[in-house]
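> prediction below, plus the sequence it came from.
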Amino acid sequence: MRAVIIGAGIAGLTAAKGLRLLGWEVEIYEQAPELKALGAGLSLSANALRALRVLGLYDAVIADAQPIDRLDLLNRQGAVLQTTDFAQFSARYGHLSMVVLHRGALQRALLSELSVPIHTGMECVTACEDEKRVVLTFAGGETVEAEFVLACDGIHSAVRKSLFPDSREHFAKYTCWRAISSGLPRGLSPTRLTETWDAGKRLGLAAIPGEQVYWFACCNADAIADPALSHIGVSELQAMFSDFHDPVPEVLGKTPPDSLIWTDILDIDPLPSFTRGRVVLLGDAAHAVTPDLGQGAGLAIEDAAVLAALLGNHPVNDALREYDARRVGRAHKIAAASRLYAKVAQWHNPLIVPIRNVLVRSIPERFMDRQLDAVLDIAFEPVKAAA
């Protein structure tokens, strides 16, 4: 069987590994002119790590990742509002329950375990399908015919927009900056991830391998591509977060100005299906979620593991029906939970924020653990590797 994958991001590379385990022929078409280690940091939780294990990618990924034992939600002064004990989850699951790493390190790990043709500089602009084939058209006028297509081309997916023209992207009403800072500040534990909430803004810190800190900063926004926000640099962010606890000022101060990545936060309104004929959507192309639960990359990796296992055990059409049955509902639940988290985290009324913080502090740890278990504690069928 031959498959064409659109997009060489996390979803595309992971899915390619799954199909290669089955013995399929795979080609990837990527719009970027070359594959570069772009981006800042990301987290992978137990669900993603389990999916990587069944795909044979776990060891390669965690080799350059920082294990996380604890997530602390803080107020602006640095007082703890809520703690998640990931060390306890790791002990209970019998494997790591969270790691943080550079997005480029994840890309390198996935590429190191993959040997397939990757055609760069190929931007897919439309897709059409019938019962026998899918025709993909690229920006340069080239066309490619395929009997099976995996659309892994991100939140702005041209394949999704061609086959699901009613799909809509949704602005979460906040914007985000990300970067990597050099050096570990005194007192910052490498195994502790923190997220600090204030009125309409927040900031997260996590150590990554190489004596570096991955950080993200968010603030509310009224419109997409606000020119007043698009020109903000590190010095403006230092002023915006100058009243945040240590080591926030030090981390921002050690950030190279040209390393800053700015993005408005979008997700996708829920789709009724992630398949159409012999085309299947994976990752952000299918179910882009806000980053608030740290599940964007994880859901993409889950998609790849589930799809590969199903294709190894069922005819293609049956596998795709079952893929929809397993993935659509789960993705919708996580997308809805992420939206809710964002709304609460980005509350900006200075009179309500202290009340919010008190309520967050009062949530029982056992309740939060049960909510996390529903996201993290899922099983994956083994992928039947070809002889």
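That came through fine. Numbering: from 1, shown residues only.
> output the contacting helices and strands for the helix or strand residue 299 falls within.
Take DSSP states H and E as the rule and residue 299 turns out to sit in helix 296-313. Helix 296-313 makes packing contacts with helix 10-21, strand 41-45, helix 46-54, helix 284-287, helix 316-345 when contacts are defined by 3 or more Cβ pairs under 8 Å, 6 or more residues apart in numbering; DSSP states H and E. (Each C-beta comes from the backbone N, C-alpha and C, glycine too.)
> can you list the buried residues in that helix?
Residues 296-312 are the ones in helix 296-313 that count as buried (16 or more other Cβ atoms under 10 Å).
> where does the stretch 1-150 of the chain have low pLDDT?
Flagging of the stretch 1-150 of the chain using pLDDT under 70 yields an empty set of residue ranges.
> so the residue lying closest to residue 196 once chain neighbours are set aside: helix, strand or coil?
Counting by Cβ to Cβ, 6 or more residues apart in numbering, residue 196 lies nearest to residue 74, which is 4.5 Å off, once chain neighbours are set aside. The three-state assignment at residue 74 reads strand, by DSSP: H, G, I helix; E, B strand; the rest coil.
> residue 74: neighbour count?
The tally of other residues near residue 74 (other Cβ atoms under 10 Å) stands at 24.
> how far away is it from residue 82?
In this structure, residue 74 and residue 82 are 9 Å apart, going by Cβ to Cβ, to the nearest Å.
> go on, residue 166?
In this structure, residue 166 and residue 82 are 38 Å apart, going by Cβ to Cβ.
> what lines up beside the helix or strand containing residue 174 in the sheet?
Taking DSSP H and E as the definition, residue 174 sits inside strand 169-182. Sheet partners assigned to strand 169-182 using DSSP bridges are listed as strand 212-220 (antiparallel), strand 261-268 (antiparallel).
> what is the following helix or strand past that strand packed up against?
Read in the C-terminal direction, the helix or strand following strand 169-182 is strand 192-197, with elements assigned using DSSP H and E. In terms of contacts (3+ Cβ pairs under 8 Å, 6+ apart), strand 192-197 is packed against strand 70-75, strand 201-208, helix 353-362.
> just name the most buried of the ones you listed.
Sort these by mean neighbour count, taking mean count of other Cβ atoms under 10 Å, and strand 201-208 sits at the top with a mean of 23.
> against which helices or strands is it packed?
With 3+ Cβ pairs under 8 Å, 6+ apart as the test, strand 201-208 has strand 41-45, strand 66-67, strand 98-102, strand 192-197, strand 212-220, helix 248-253 packed against it.
> who does the second one pair up with?
Each strand that pairs with strand 66-67, with its direction, by DSSP bridges: strand 98-102 (antiparallel).
> need the residues that contact the partner strand.
Taking Cβ atoms under 8 Å, 6 or more residues apart in numbering as the criterion, the residues outside strand 98-102 that touch it are 37, 39-46, 49, 61-62, 64-68, 71, 86, 89-90, 180, 193, 206-210, 212, 214.
> what do you get if the cut-off is 6 Å, keeping everything else the same?
With Cβ atoms under 6 Å, 6 or more residues apart in numbering as the contact definition, strand 98-102 has outside contacts at 41, 43-45, 62, 64-68, 86, 206, 208.
> pull the CA atoms of the very next helix or strand once past it into CSV?
With elements assigned by DSSP H and E, the helix or strand that comes after strand 98-102 is helix 103-112. Output of helix 103-112 as CSV, limited to C-alpha atoms (Å, rounded to 0.1, in the frame of the first residue of the first chain):
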residue,chain,number,x,y,z
ARG,A,103,10.4,21.2,19.3
GLY,A,104,13.5,20.9,17.2
ALA,A,105,14.8,18.0,19.4
LEU,A,106,11.5,16.2,18.8
GLN,A,107,11.7,16.8,15.1
ARG,A,108,15.3,15.4,15.1
ALA,A,109,14.2,12.3,17.1
LEU,A,110,11.4,11.6,14.7
LEU,A,111,13.6,12.0,11.6
SER,A,112,16.3,9.8,13.1
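> output the contacting helices and strands for helix 103-112.
Using 3 or more Cβ pairs under 6 Å, 6 or more residues apart in numbering; DSSP states H and E as the contact criterion, the elements in contact with helix 103-112 are helix 58-62.
> buried stuff in the helix it packs on?
Residues of helix 58-62 classed as buried: 58, 60, 61, 62 (neighbour count, 16+ other Cβ under 10 Å).
> helices or strands up against that helix?
So helix 58-62, by 3+ Cβ pairs under 6 Å, 6+ apart, packs with helix 103-112.
> got the angle for the helix it packs on vs strand 201-208?
On the basis of axes from the mean of the first three to the mean of the last three Cα atoms, to 10 degrees, helix 103-112 is oriented at 50 degrees to strand 201-208.
> neighbouring contacts of helix 103-112?
Looking at helix 103-112 with Cβ under 6 Å, 6+ apart, the contacting residues turn out to be 13, 37, 39, 42, 60, 61, 64.
> by neighbours, which of these wins?
In these, the most neighbours by other Cβ under 10 Å go to residue 13, 28 neighbours.
> how about that residue, nearest residue that isn't a chain neighbour?
Setting aside the residues directly before and after it, residue 13 is nearest to residue 110 in space (Cβ to Cβ, 6+ apart), at 4.0 Å.
> just residue 3 next, same as before
Residue 3 sits nearest to residue 148 (Cβ to Cβ, 6+ apart), 4.5 Å away.
> so the one you found makes contact with residue 280?
No. Shown here, residue 148 and residue 280 do not form a contact pair, counting by Cβ atoms under 6 Å, at 8.1 Å.
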